[in-house]
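> 3D model of this:
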Amino acid sequence: MMQFSIHQLFPDFILADKNGYAMAKAIERALQIMCDTIQNGVDILQNIDKMPEWRLDEMAWELGCLYDHNEDIETKRRWIKDATPLYSALGTPQAIYNFLEGFFEQVELEEYWQYDGDPFHFRVTVSGEWNEANEAWLRRAVAASKNVRSVLDGIAVGSAATITVHGEGGAYPIVYPLAGEDALAGMRLEVTGIDCAG
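Numbering: from 1, shown residues only. Model prediction:
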């Protein structure tokens, strides 16, 4: 942002006169207001961190990116910032993660070879708030970001947990994943073979 000083803009003989000084201060203030207004306009158009929400919604339309108008403003900012990198990842599992991670607490994607599915099939497990609107968003996000030959086998809603087992040798954390081989959400996982003796 530009700062103006009347001593840079006007010669001393004008500033020595009280009317000249008043005129110089008025011009200085008008220039400062004009520069602040221009800077604010540039920020609204170009600086994603300072854009108002209406401009973020407009940018999503301009970029044609996957976007949810009901999401909070910080998530919208992240989606707009990541629009170009997201395009380069389209058709990969990472693209699905990129879209869904801002919407759900945790996301896991399993490809067909991880659960003995048909080639080019995959399934997604998420944790977080689940309702019809979120399911519609997930399906739209997956359809927009997956490879065209890939097929979504299913969506599961689950939650991850860390359980700490205390034994003589200390504490041993066990992380239950959202999903895994033969372990979709809702299945009870059996943990065996932990050596607590250290």
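> show me the strands in this structure, by range?
Remark: strands assigned in the chain by DSSP state E are 106-111, 121-127, 151-157, 161-167, 170-176.
> what pairs with the first one, and is each one parallel or antiparallel?
Using DSSP bridges, strand 106-111 pairs in its sheet with strand 121-127 (antiparallel).
> angle of the strand it pairs with against strand 151-157?
Angle of strand 121-127 versus strand 151-157, following axes from the mean of the first three to the mean of the last three CA atoms, to 10 degrees, is 20 degrees.
> so what's the residue count around the nearest residue to Lys81 once chain neighbours are set aside?
Leaving aside its sequence neighbours, Lys81 sits nearest to Ile48 (CB to CB, 6 or more residues apart in numbering; 5.4 Å). The C-beta positions use only the backbone N, C-alpha and C, and glycine is treated the same way. By other CB atoms under 10 Å, the residues close to Ile48 number 16.
> pretty sure Ile48 contacts Trp79?
No: contact criterion CB atoms under 8 Å: Ile48 and Trp79 do not qualify, at 10.0 Å.
> Asp68 versus Leu56, what's the distance?
11 Å (CB to CB, to the nearest Å).
> now swap in Trp79 and tell me
For Trp79, the distance to Asp68 equals 8 Å [CB to CB].
> for Gln46, same thing?
Separation of Gln46 from Asp68 (CB to CB): 23 Å.
> off-centre distance for the longest helix seen in the chain?
Looking across the chain with DSSP state H, the single longest helix is helix 18-46. In this view, helix 18-46 has its centroid 36 Å away from the chain centroid, taken as CA atoms, centre = their mean, to the nearest Å.
> same thing with stretch 31-51?
With CA atoms, centre = their mean, you get 24 Å for stretch 31-51.
> ok, now stretch 129-147?
Using CA atoms, centre = their mean, the offset of stretch 129-147 from its chain centre is 15 Å.
> number of residues surrounding the spatially closest residue to Gln106 that is not a sequence neighbour?
In space, and not counting its chain neighbours, Gln106 is closest to Ser127: 4.5 Å by CB to CB, 6+ apart. A total of 17 residues lie near Ser127 under the criterion other CB under 10 Å.
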